[in-house]
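**Q** Any chance you could fold what I've pasted below:
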Amino acid sequence: MHHEIIISGFGGQGALFAGQLLAYSALAEGRYVTWIPSYGPEMRGGTANCTVIISDDEIGSPLTRHPTAAIVLNPPSFDRFEPAMKPGGVLAVNASLVSTRSARNDLRVIYVPANDIALELGTMQLANMVLLGALIQATGMLKFETLDQVMEEHISARHRDKLPMNKQALRRGAALA
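**A** Next comes the predicted model:
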């Protein structure tokens with residue numbers, strides 16, 4: 001198993017947190033992992049993305065030019081990463097913000113109204129978890145139980161009250177994949 005994942009959106013949409021959750025979960029399952037964040041000078045409102053590589057074998061380079069999977073939270077991220085996807089890859093798209101449809105027929109594209117679902121669950125901050133749930137379901141790269149356990153171990157004290165909502169958001173996204 002080898003997945004090269006890009007998670008990208010505006011600063012404040014939780015792309016880096018979703019990547020960290022993936023990385024910690026893969027470590028908990030005994031996989032090799034790299035996680036590299038990238039963000040502009042504006043933490044909120046600027047672009048932010050991260051690359052996560054999860055593999056059963058040692059990872060030669062932490063960089064990827066053609067991801068096998070991606071979560072795109074906004075239109076600029078879709079425009080940037082959809083063309084770069086490896087054929088056969090899985091692309092989870094925040095359909096609440098991205099109205100463009102992929103013209104590629106060599107990808108599995110999952111359109112999820114992540115912002116709408118996040119608002120239903122109580123806060124816009126859950127959109128990243130909705131899309132992460134869809135991606136995990138579509139790829140089978142990790143177990144949801146592991147994600148739950150890792151969230152309980154790594155979520156900060158100030159966000160602990162959102163733990164049940166985060167778990168619910170993962171499941172809602174999974175149901176749509």
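
**Q** all contacts plus neighbour counts: C-alpha atoms, from now on.
**A** Noted.

**Q** got the residue ranges for the helices in the chain?
**A** 15-28, 75-81, 114-121, 127-139, 144-154, 163-176 (DSSP state H).

**Q** Which strands or helices does the first one pack on?
**A** What that stands for is helix 15-28. Helix 15-28 is packed against strand 2-10, strand 32-39, strand 47-55, helix 127-139, helix 144-154, with contacts defined by 3 or more CA pairs under 8 Å, 6 or more residues apart in numbering; DSSP states H and E.

**Q** how far does the first one sit from the chain's center?
**A** Mean C-alpha position of strand 2-10 versus that of the full chain (CA atoms, centre = their mean, to the nearest Å) differs by 6 Å.

**Q** Does anything pack onto that strand? Which helices or strands?
**A** Short answer (3+ CA pairs under 8 Å, 6+ apart): strand 2-10 packs on helix 15-28, strand 47-55, strand 69-72, helix 75-81.

**Q** Redo the ones you listed as JSON lines? Include distance to residue 132 and mean neighbour count.
**A** Compiled in JSON lines, these are given as follows (distance: least, CA to CA, whole Å; neighbours: other CA atoms under 10 Å):
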{"stretch": "helix 15-28", "distance to residue 132": "7", "mean neighbour count": "22"}
{"stretch": "strand 47-55", "distance to residue 132": "13", "mean neighbour count": "24"}
{"stretch": "strand 69-72", "distance to residue 132": "7", "mean neighbour count": "28"}
{"stretch": "helix 75-81", "distance to residue 132": "15", "mean neighbour count": "18"}
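
**Q** Tell me which of those sits nearest to residue 150.
**A** Closest to residue 150 of these is helix 15-28 (CA to CA; 6.0 Å).

**Q** any weak-confidence spans in the chain?
**A** By pLDDT under 70, the low-scoring segments of the chain are 40-46.

**Q** Tell me which of the helices and strands packed on helix 15-28 lies nearest to residue 113.
**A** Closest to residue 113 of those, according to CA to CA: helix 127-139, at 8.5 Å.

**Q** residues making contact with that closest one?
**A** Taking contacts as CA atoms under 8 Å, 6 or more residues apart in numbering, the residues outside helix 127-139 that touch it are 13-15, 18, 69-71, 73, 90-94, 110, 112, 114-115, 117-118, 142-144, 166-167, 169-177.

**Q** and those, which are buried?
**A** By neighbour count, with 16 or more other CA atoms under 10 Å, these hold 13-15, 18, 69-71, 73, 90-94, 110, 112, 114-115, 117-118, 142, 144, 166-167, 169-174, 176-177 as buried.
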